[in-house]
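S.K.: prediction below, plus the sequence it came from.
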Amino acid sequence: MMIAMTVGMVLGLSFGTIMGLMYPEHFFVITVISILFGAITGTIAGFPLSIIAVLDGFLSGAMGGMMGAMLGVMVSSTQMNSVMNVMIVISGGVLFMLFLMMQGELSFKEKNWKNFFFGKRLPLFLVIILAFYLTHHYSLPTQHENNDHSIHQHDH
């Protein structure tokens, strides 16, 4: 149940926040899409486990999507990149802890790439560090940057 709840909540919260940051003028549509995204991912994560895990993943994902959309829309344009970076760190950290928890609960009998990737902590940690590094250089254009760009275009 913890897996379904964590996956639904983290993915719904992250998706809703990023969509709210990118399209704040479409608050209602973003909220509905984020709720559906979180609920569906939580349901999929809980489906192999039990009906209680499905319900838990559905509700947690729906709540995460709703909260993420609200957070994304309420952030000022000067703080957009900071909020996005914080969400990436929180999401990556929580998913990393989830994988560590799953690693302790699951036993891998076969010798294959899954055993190497999920059986040891270092490869998974390196993948997450690489993801943090790659997303650190990505930034959303803020309203202030858009205004500066349009002012400079009219000067020429």
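M.R.: Here it is on my side, so go on.
S.K.: what is the helix or strand encompassing residue 58 packed up against?
M.R.: Following DSSP states H and E, one finds residue 58 within helix 51-74. Contacting helix 51-74 under the criterion 3 or more Cβ pairs under 8 Å, 6 or more residues apart in numbering; DSSP states H and E are the following elements: helix 2-22, helix 27-46, helix 80-105. All C-beta spots, glycine's among them, are computed from the backbone N, C-alpha and C.
S.K.: give me that answer again for 6 Å
M.R.: helix 2-22, helix 27-46 (3 or more Cβ pairs under 6 Å, 6 or more residues apart in numbering; DSSP states H and E).
S.K.: the ones you listed into a markdown table, with extra columns for mean pLDDT, mean neighbour count and distance to residue 84?
M.R.: What follows is these, written out as a markdown table (pLDDT from 0 to 100; neighbours: other Cβ atoms under 10 Å; distance: least, Cβ to Cβ, whole Å):
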| stretch | mean pLDDT | mean neighbour count | distance to residue 84 |
| --- | --- | --- | --- |
| helix 2-22 | 89 | 24 | 6 |
| helix 27-46 | 91 | 21 | 15 |
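S.K.: pipe those into CSV and attach distance to residue 87 per row.
M.R.: Shown next, in CSV, are those (distance: least, Cβ to Cβ, whole Å):
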stretch, distance to residue 87
helix 2-22, 5
helix 27-46, 13
